[in-house]
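**Student:** What follows is a protein structure lacking sequence information:
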């Protein structure tokens, strides 16, 4: 299982620093934070970024993210499609296979059928934009109660209804727990439809007060990471894992040290000891 550093984990570092920190810690993959990418491209080119990644032996796995893609008004949805074209063109040039896309807010009184129909429509339209660039879309449910897709169960139902090679799931351990996803949803998941596995842990707080800021290094909290990994083993998922932690306390620390601790913690909690020899800690 390859390991990625997500740019949210080192939010205050720029993209160049993320790349150097990831390489120094021994990561093989990186998820590029879109805001950092746009800052980078103000003074440099996509080709410069490709060379920088190659020099550090890092593969770009995704660009994070296009937010709230569903239930938008006409003007805002036009911006979403334009953003999809912009990021797909960049990802295609980089050889970056995925863009993370996030569901919109839950409209008042929306039914499950309306959420599925809207998600299927929008994902198909955005896939029409990304596919010509050779880029797929990774749909990430959010466990918060104001999100229109809160569980892996519903997310995968939407992905399977679309039945398109370029549309798949993201499973984030924090959102899996916070939104009350079922372990049975993992059991029925086709491993090729899990494009990205986000790992993190969380403080022992009631779900209704738990926020992204309470995320922790994997293995330091109460999330059922080991059971999720055991279910992955049963379905044969071993492709990649990416560390995504939105903890402001970590953002103020040395990004090189954060990257090293994050990778070490992931190896330990997932039992990936065979990778340890290839990295530096």
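**Tutor:** That came through, no problem. It should be emphasised that the depicted structure is a prediction, and the values quoted were computed from it without experimental measurement. Residues are numbered from 1 along each chain as shown.
**Student:** pLDDT on the one helix or strand residue 99 maps to, on average?
**Tutor:** Element membership for residue 99, per DSSP states H and E: strand 98-101. When pLDDT is averaged along strand 98-101, the result is 98.
**Student:** Now do residue 216 against residue 247, distance only.
**Tutor:** The gap separating residue 216 from residue 247 is 7 Å, by CB to CB, to the nearest Å. C-beta coordinates here come from the backbone N, C-alpha and C atoms, glycine included.
**Student:** got it, and residue 82?
**Tutor:** In this view, residue 82 and residue 247 are 32 Å apart by CB to CB.
**Student:** Those two: who's more crowded?
**Tutor:** It is residue 247, of residue 82 and residue 247, that has more neighbours when counted by other CB atoms under 10 Å, with 21 against 11.
**Student:** Which residue, other than its chain neighbours, is closest to that one?
**Tutor:** Nearest in space to residue 247, with sequence neighbours left out and distances taken as CB to CB, 6 or more residues apart in numbering, is residue 215 at 5.1 Å.
**Student:** Residue 103 now?
**Tutor:** Nearest residue to residue 103, sequence neighbours excluded (CB to CB, 6+ apart): residue 149, at 4.1 Å.
**Student:** What count of nearby residues applies to that neighbour?
**Tutor:** Using other CB under 10 Å, residue 149 has 26 other residues around it.
**Student:** Quick check: the gap between it and residue 179.
**Tutor:** Residue 149 sits 9 Å away from residue 179, taking CB to CB as the criterion.
**Student:** what residues do the two have in common as contacts?
**Tutor:** Jointly contacting residue 149 and residue 179 under the rule CB atoms under 8 Å, 6 or more residues apart in numbering are 141-142.
**Student:** can you map out the strands along this structure?
**Tutor:** 2-6, 29-33, 59-66, 98-101, 136-140, 167-172, 194-199, 201-202, 215-216, 240-243 (DSSP state E).
**Student:** okay, those strands in a markdown table with mean neighbour count and distance to residue 208 next?
**Tutor:** A markdown table is the format used below for these (neighbours: other CB atoms under 10 Å; distance: least, CB to CB, whole Å):
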| stretch | mean neighbour count | distance to residue 208 |
| --- | --- | --- |
| strand 2-6 | 26 | 25 |
| strand 29-33 | 25 | 28 |
| strand 59-66 | 24 | 24 |
| strand 98-101 | 26 | 25 |
| strand 136-140 | 25 | 21 |
| strand 167-172 | 25 | 18 |
| strand 194-199 | 25 | 21 |
| strand 201-202 | 22 | 13 |
| strand 215-216 | 23 | 16 |
| strand 240-243 | 25 | 25 |
